[in-house]
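Engineer: Sequence below, structure please.
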Amino acid sequence: MVNTKPYSDVSFSVNKFKVMLSLCCVIFCLMLLGATVACDKFNTFLKPYVATVNGSKIYLEDYKSQLGREMRIVPRDFLDQPDYRKRFEEEVLDAMITEKIMFLRAQELNIFITDAELERKIKEFKQDYGKEFSNLLTQENVKYEQWKEDFKKEMFLQKLVAIDINAKIKITDDEAEKYFNEHRNNYKTESRVRVAQIVVRDLASAKKVSARLKAGEDFASVAAEISVGPEANRGGDLGFITRQTMPEPLDKTIFRLPVKKISPVVQSSYGFHIFKVLEVQSAGIGNFKDIKEEVIADIRSQKEDAAFVSWLEALKMKAVIKKEKNILGKE
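Structural biologist: Next comes the predicted model:
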């Protein structure tokens, strides 16, 4: 029988060596990774900062970046004045401290902006601005990534205010009516008219429309058929307008026209118009039921502004804020 034990011992030793070598490699990699992380943390620890809020640092490089962006929108003449520049630099830092206080509050409440929320809002913003969006960034000399970061930050702070302040404000109908009665003069309305129009490109077409209306055809039906205005699908109804809303020749014609009467043809830079006044409302104070939502919106706006000031002041009072004057003084 052949003795294989020596070979088995050798194989076992080789395998054991391989395992130990692998473990050493893993340990070395972990040590290297740990050293890298520790180095990054150490470098971050050494980064100069201009202020701390509850121990959270505002780094010098971030401050200088923000200061540079703010300086781009301030006239050079002002920045050349030492006293003004010093105040300006302090105001930028104070704004960053305020922002940091709010971000720390948001962390307490576990408030954040998801990628989906951000992309949806950016899409809406771009749709609102259309082709002007790119021009806006160019005019402001802002890169898209920087704009996106600022936009997200603004969304974040708006969400914080909405949750921590605005959602807690309640306004009853009785409170709104009381406010309305105490501020009635704020809700005076001008005289206004509800008017419909038919607008066409040339005088010949306008005369044909006028003849059809005089023959008794329905104004709204003709408007829907003929008018080139965007309100044609509403029978030409422009809604209520006040004086000086329209160009002068049109304005004069409309406000001299009796209710239900049809105007002669009036020319403007848009084309040839025919008007019909549908309703007239005299100047006066509106009825509370009709403007209740407007009154509530006014009260809410005032309460939100006051609540924000008190809320922010309370956060600042609790915050431990330290400015690094020596570093700022070198700038």
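
Engineer: only C-alpha atoms for contact and neighbour calcs from this point on.
Structural biologist: Noted.

Engineer: Run through the protein and note the low-pLDDT ranges.
Structural biologist: Low-confidence segments of the chain (pLDDT under 70): 1-45, 326-331.

Engineer: can we see that at 50?
Structural biologist: Scanning the chain for pLDDT under 50 picks out 1-14, 17, 19, 35-43, 329-331.

Engineer: Strands along this protein, start to end?
Structural biologist: Assigned by DSSP state E, the chain shows strands spanning 49-53, 56-59, 188-189, 192-200, 237-242, 266-268, 271-281, 284-285, 321-323.

Engineer: Most tightly packed of those strands?
Structural biologist: strand 192-200 (a mean of 23; mean count of other CA atoms under 10 Å).

Engineer: Does anything pack onto it? Which helices or strands?
Structural biologist: If contacts are counted by 3 or more CA pairs under 8 Å, 6 or more residues apart in numbering; DSSP states H and E, strand 192-200 sits against helix 219-226, strand 237-242, strand 271-281.

Engineer: Nearest to L203, out of those?
Structural biologist: L203 lies closest to strand 271-281 among those, at 6.4 Å (CA to CA).

Engineer: other SSEs contacting the closest one?
Structural biologist: Checked by 3+ CA pairs under 8 Å, 6+ apart, strand 271-281 has strand 192-200, helix 203-214, helix 248-256, strand 266-268 packed alongside it.

Engineer: mind giving me TSV with those and columns for distance to E124?
Structural biologist: TSV is the format used below for the helices and strands packed on strand 271-281 (distance: least, CA to CA, whole Å):
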stretch	distance to E124
strand 192-200	32
helix 203-214	40
helix 248-256	35
strand 266-268	35
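
Engineer: Out of the ones you listed, the one nearest S227 is which?
Structural biologist: strand 192-200 (4.9 Å).

Engineer: what's A224 in contact with, if anything?
Structural biologist: 232-236 (CA atoms under 8 Å, 6 or more residues apart in numbering).

Engineer: who wins for most neighbours among those residues?
Structural biologist: Scoring the contacts of A224 on neighbours with other CA atoms under 10 Å, the highest-scoring entry is G236 at 27 neighbours.

Engineer: quick one, phi psi at that one?
Structural biologist: phi 80, psi 0 (degrees, to the nearest 10).

Engineer: how close does it get to A224?
Structural biologist: Separation of G236 from A224 (CA to CA, to the nearest Å): 7 Å.

Engineer: next one: Q158
Structural biologist: In terms of CA to CA, Q158 sits 43 Å off from A224.

Engineer: circling back to that earlier point, turn the strands of the chain into a markdown table, including distance to N166.
Structural biologist: Formatted as a markdown table, the strands of the chain follow (distance: least, CA to CA, whole Å):
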| stretch | distance to N166 |
| --- | --- |
| strand 49-53 | 25 |
| strand 56-59 | 27 |
| strand 188-189 | 28 |
| strand 192-200 | 35 |
| strand 237-242 | 32 |
| strand 266-268 | 47 |
| strand 271-281 | 35 |
| strand 284-285 | 29 |
| strand 321-323 | 26 |
